[in-house]
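>>> Have a look at this fold, sequence not included:
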């Protein structure tokens, strides 16, 4: 469904004739249009990378479409994407709603199992998700963990 490495390098700021997609388009434009463009690029067998995936996840977040963000993230991983801390943080941020807080926790745990170190943005997004999900105790635990790791808000 998504595409990035080649898409980002070909389209993002390139001089490729007719290339109208850049990762920032996903943030500025409607989330549906961003997903449509990803589908278009996939027809050319362009594989996803973290830049494009993260941009589209961010577009979904801005429209409160956490389900689509999560689906896109999972599909990109099936297509060989190795998410980095920025991509994980974007997904966790997209899941910062009352109904999606458990998904944010799941993504955070998956991130740690894969050896990706959370940063301040990751912790902030997860703490916000837990706050929205009515789990202030867990949010405080994560805040303490964040500080133990030397990360200060």
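Here it is on my side, so go on. Model, not experiment: these values are computed from the prediction.
>>> Any regions of this structure where pLDDT drops low?
1-39, 41-42, 45-48 (pLDDT under 70).
>>> how near is residue 55 to residue 76?
Noted for residue 55: a distance of 12 Å to residue 76, by CB to CB, to the nearest Å. The way it works is simple: take the backbone N, C-alpha and C, and place the C-beta from them, glycine included.
>>> SS state for residue 93?
Recorded secondary structure, residue 93: helix (DSSP: H, G, I helix; E, B strand; the rest coil).
>>> Can you tell me the closest non-neighbouring residue to it?
residue 125 (4.0 Å; CB to CB, 6 or more residues apart in numbering).
>>> do the same with residue 61
Ranked by CB to CB, 6+ apart and with sequence neighbours excluded, the top spatial neighbour of residue 61 is residue 94, at 3.9 Å.
>>> pretty sure that neighbour is touching residue 66, no?
Yes: between residue 94 and residue 66 there is a contact under CB atoms under 8 Å: 4.8 Å.
>>> Overlap of the contact sets of those two?
Counting by CB atoms under 8 Å, 6 or more residues apart in numbering, the shared contacts of residue 94 and residue 66 are 60, 100.
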